[in-house]
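*Asks:* sequence and predicted structure, then a few things I'm wondering about:
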Number of protein chains: 2
Amino acid sequence: MSTNIDFIKQLGDLALASRLKRLSEKMLQDVSLAYKEQSIDFEPRWFTLFALLKERSPLSIVDIAKTLGVTHPAINQIASEMMKKGLVKASSDKKDKRKRLLTLTPLGESLTPTLFPIWQDIEQAAQKLIFETGVDLMGVIDKLEYGMEQQSMFSRIQEQTRQRWQNAVEIMEYQPVFRAHFKSLNLEWIERYFEAEEADIRILSNPESEILDSGGHIFFARLDGEILGTCALIKLDDKTYELAKMGVTEAARGKCIGNKLLAAAIEKAKSVGAELIYLETNSRLSPAIHLYRKHGFVCIPFDAHHPSEFQRADVRMQLDLTATQSPQVQERCLR
Amino acid sequence: MSTNIDFIKQLGDLALASRLKRLSEKMLQDVSLAYKEQSIDFEPRWFTLFALLKERSPLSIVDIAKTLGVTHPAINQIASEMMKKGLVKASSDKKDKRKRLLTLTPLGESLTPTLFPIWQDIEQAAQKLIFETGVDLMGVIDKLEYGMEQQSMFSRIQEQTRQRWQNAVEIMEYQPVFRAHFKSLNLEWIERYFEAEEADIRILSNPESEILDSGGHIFFARLDGEILGTCALIKLDDKTYELAKMGVTEAARGKCIGNKLLAAAIEKAKSVGAELIYLETNSRLSPAIHLYRKHGFVCIPFDAHHPSEFQRADVRMQLDLTATQSPQVQERCLR
DNA sequence: CTAGAATATGTAAGCACTTACGTAAATACT
DNA sequence: AGTATTTACGTAAGTGCTTACATATTCTAG
């Protein structure tokens, strides 16, 4: 029953996991057959536990599970099977009454001379198979395991997704048709966390006169034709701009839209010769503060004698554009 | 919960299957997480079926199972889940009423634009991970699959076992202490399949005078101190020997003991300058005949005018030692 | 020294496959 | 044409793990 797996091959790296699974299942099946053929009453899944107990025992259930990289119920189940066969026995730890310590029974120990030869056969068969591939397969598996330990497959996929989203997001400067978006995107977060103040309404209703006419800029993030985020750069003087009115719609969070908007604003400020970007925010907006930090903004003292235009402001930050950006910050912002 | 898997590594190639299994399980888990994180209602195990139906449909259950290398109940279960979600629909084949043909529903088709991007993310994440190993992993898996298709892991293990047994078997020439073994080993098979004849009793009871004194040889196979098989070489004339009285005890069949005994006998005959080995046997002893064939013996006509000493003889074979042995025969005998 | 957190274990249920087996339809073989 | 075999499929139960949860100890911080 040889199956034609060309289709699976054609799926490429996507089917990696499926193929590895099938491969391992077939191997374990064959090993099981080999035991049966020599009428050895031993299951392949007992092997790691047996080998571990042979080398160091007694060991507690959880210790074993950790060492073998499986969950403790798995060990529990395997151990109870082996106990039924009389290969393993359990005793409770004198010092820690929760622990149940496993050891091989004399019968278990006495099985070794029977098992050892067939293990050698299995190992050599595997070795020859691996040799045919011309690759140090165990080394490759080591590297795969190491790579996944460093960064899980899940996190790697996430990273790809973030990158894709970021590439798809388009940053644009203000156009009159975006006026309504500028207002609604900002009211969304203001009304969610605070209350709209008089200054909010004035600025959001008249972005041209309040921001653009005095030399400021407003940016919009568009994804698949939809405007999902905005932020403004208000000119304070020739060397100083204020970052304000940054908002990303709830549904589009996690797509790094804020990241890209902020990067665009900083880029623009640099290109028009600014030396400092200043901003006011609220301590409750920790994701925003985290984003500012990521881009190099640092907190400055909140001087109560110099009150903000906004009641909600309780944090002030700034970014010194004359300082050379640290490589770490640059790298972070690409994520 | 990073587990310290040094112990597993130490097991080497023996733990290959376990490690592959754990690796694939972790990957599939992470892929499942990635779907969930993007709130995509899709299970990793649907993937191959979905991709296959997308490319070519309709397809019957068994066809799909074969193409994807799993059993048909697996497809049945996956399909019924996907049908519950409205992604797949079934229709019966007009030509063959046994068949149930699967296709994607329009809803299923419409899922593609959602799925495609995340598949790309997964593929690229896998690609990067593989790249870190510095090896063409898919190529290696191809080779492993091909290698196991050529010869299953089971058969490879068997081969190793046979080789090990063969190496452990020790061939010795006659010593007086072996006289009883010579008799019992032969009576075992003679009485099982036939009846001991007068000539049997005479030869088995007096091997020295009947075989050795006239220039013959008797060989014994010993494994772990036990005598498990024997065979004799009777001198007919300076250039011709007869192979006879070959017997391996029932319990030790399958350990290639006969193979090694026969090889030793042929070797001895060559070394004493024989040009032909002749033998008589019975057609019911097909394993023995197969063994003789393996070593290059060929059947010769059974000339009834020239009767055998034994009633049971109905097959005559011979091996021409002057002919150069074909490489195939040589290779076969090493197995 | 004591409440709450952490740890070790057991048990149940779930999951993604498998094997085993039964039925219906198609095909092969006289 | 009629019977035996093969093929397609469904269903039930098994397998070897997992997650989820309950319970008993031990540790730890105030």
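*Replies:* Okay, I see it. Numbers count the residues shown, from 1 in each chain, chains lettered A, B, ... in the order given.

*Asks:* what's the closest non-adjacent residue to the single nearest residue of the stretch 101-250 of chain A relative to DNA strand C?
*Replies:* Of the residues in the stretch 101-250 of chain A, the one nearest DNA strand C is A:Leu101, at a distance of 6.7 Å by Cβ to the nearest atom of the strand. Quick note: C-beta positions are derived from backbone N, CA and C, even for glycine. Leaving out its chain neighbours, the residue that sits closest to A:Leu101 by Cβ to Cβ, 6 or more residues apart in numbering or on different chains is A:Pro58, at 3.6 Å.

*Asks:* hmm, back to that, am I right that the residue of the stretch 101-250 of chain A closest to DNA strand C falls within a strand?
*Replies:* Yes - the assignment for A:Leu101 by DSSP: H, G, I helix; E, B strand; the rest coil puts it in a strand.

*Asks:* pull the contacting residues for it.
*Replies:* For A:Leu101, the contacting residues are A:57-60, A:90-93, taking Cβ atoms under 8 Å, 6 or more residues apart in numbering or on different chains as the criterion.

*Asks:* spatially nearest residue to A:Ile122 (excluding sequence neighbours)?
*Replies:* Closest residue to A:Ile122 in three dimensions, ignoring its sequence neighbours and counting by Cβ to Cβ, 6+ apart: B:Ile157, at 5.4 Å.

*Asks:* and for that neighbour, the neighbour number?
*Replies:* Other residues lying near B:Ile157 total 24 when counted by other Cβ atoms under 10 Å in any protein chain shown.

*Asks:* also A:Ser271?
*Replies:* Here the count is done by other Cβ under 10 Å, and A:Ser271 has 8 residues near it.

*Asks:* could you give the backbone dihedrals for it?
*Replies:* Main-chain torsions, A:Ser271, degrees, to the nearest 10: phi -70, psi -20.

*Asks:* tell me the pLDDT at it?
*Replies:* Note for A:Ser271: predicted pLDDT of 92.

*Asks:* thought A:Lys270 was touching A:Leu319?
*Replies:* No - using Cβ atoms under 8 Å as the test, A:Lys270 is too far from A:Leu319 to be in contact (10.1 Å).

*Asks:* the more surrounded of those two?
*Replies:* With neighbours defined as other Cβ under 10 Å, A:Lys270 and A:Leu319 compare such that A:Leu319 has more, 23 against 14.

*Asks:* where in the stretch 1-150 of chain A is pLDDT low?
*Replies:* A:1-5 (pLDDT under 70).

*Asks:* where exactly do the helices run in it?
*Replies:* Assigned helices in the stretch 1-150 of chain A, in chain order: A:6-10, A:16-37, A:47-55, A:61-68, A:72-84, A:106-133, A:137-150 (criterion: DSSP state H, counting those that start in this stretch).

*Asks:* please produce JSON lines containing those, extended by mean neighbour count.
*Replies:* Listed next are the helices of the stretch 1-150 of chain A as JSON lines, based on neighbours: other Cβ atoms under 10 Å in any protein chain shown:
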{"stretch": "helix A:6-10", "mean neighbour count": "15"}
{"stretch": "helix A:16-37", "mean neighbour count": "20"}
{"stretch": "helix A:47-55", "mean neighbour count": "20"}
{"stretch": "helix A:61-68", "mean neighbour count": "20"}
{"stretch": "helix A:72-84", "mean neighbour count": "16"}
{"stretch": "helix A:106-133", "mean neighbour count": "17"}
{"stretch": "helix A:137-150", "mean neighbour count": "17"}
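
*Asks:* so which residues of the stretch 201-335 of chain A form helices?
*Replies:* Secondary structure of the stretch 201-335 of chain A by DSSP H, counting those that start in this stretch: the helices cover A:207, A:257-271, A:286-294, A:327-334.

*Asks:* ok, back up a step: can you add distance to A:Glu242 and give the helices of the stretch 1-150 of chain A back as CSV?
*Replies:* Rendered in CSV, the data for these read as follows (distance: least, Cβ to Cβ, whole Å):
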stretch, distance to A:Glu242
helix A:6-10, 55
helix A:16-37, 50
helix A:47-55, 62
helix A:61-68, 53
helix A:72-84, 56
helix A:106-133, 62
helix A:137-150, 40
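
*Asks:* could I get these in TSV, plus columns for distance to DNA strand C?
*Replies:* Below are the helices of the stretch 1-150 of chain A laid out as TSV (distance: least, Cβ to the nearest atom of the strand, whole Å):
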stretch	distance to DNA strand C
helix A:6-10	12
helix A:16-37	6
helix A:47-55	13
helix A:61-68	3
helix A:72-84	4
helix A:106-133	18
helix A:137-150	19
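
*Asks:* what residues does chain A put near DNA strand D?
*Replies:* A:32, A:43, A:45, A:70-71, A:73-74, A:77-78, A:95-98 (Cβ under 7 Å from any atom of the strand).

*Asks:* farthest-apart pair in those, please.
*Replies:* Looking at the residues of chain A next to DNA strand D by Cβ to Cβ, the two members farthest from one another are A:Ser32 and A:Lys95, with 38.4 Å of separation.

*Asks:* most neighbours per residue, which of the helices of the stretch 201-335 of chain A?
*Replies:* Here the criterion is mean neighbour count by mean count of other Cβ atoms under 10 Å in any protein chain shown, and of the helices of the stretch 201-335 of chain A the winner is helix A:207, at a mean of 22.

*Asks:* for A:Val329, report the pLDDT, please.
*Replies:* Per the predicted model, pLDDT is 69 at A:Val329.

*Asks:* residues in contact with the nearest residue to A:Lys26 once chain neighbours are set aside?
*Replies:* What sits nearest to A:Lys26 in space, not counting adjacent residues and going by Cβ to Cβ, 6+ apart, is B:Met148, at 6.4 Å. Neighbour list for B:Met148: A:23, A:26-27, A:129 [criterion: Cβ under 8 Å, 6+ apart].
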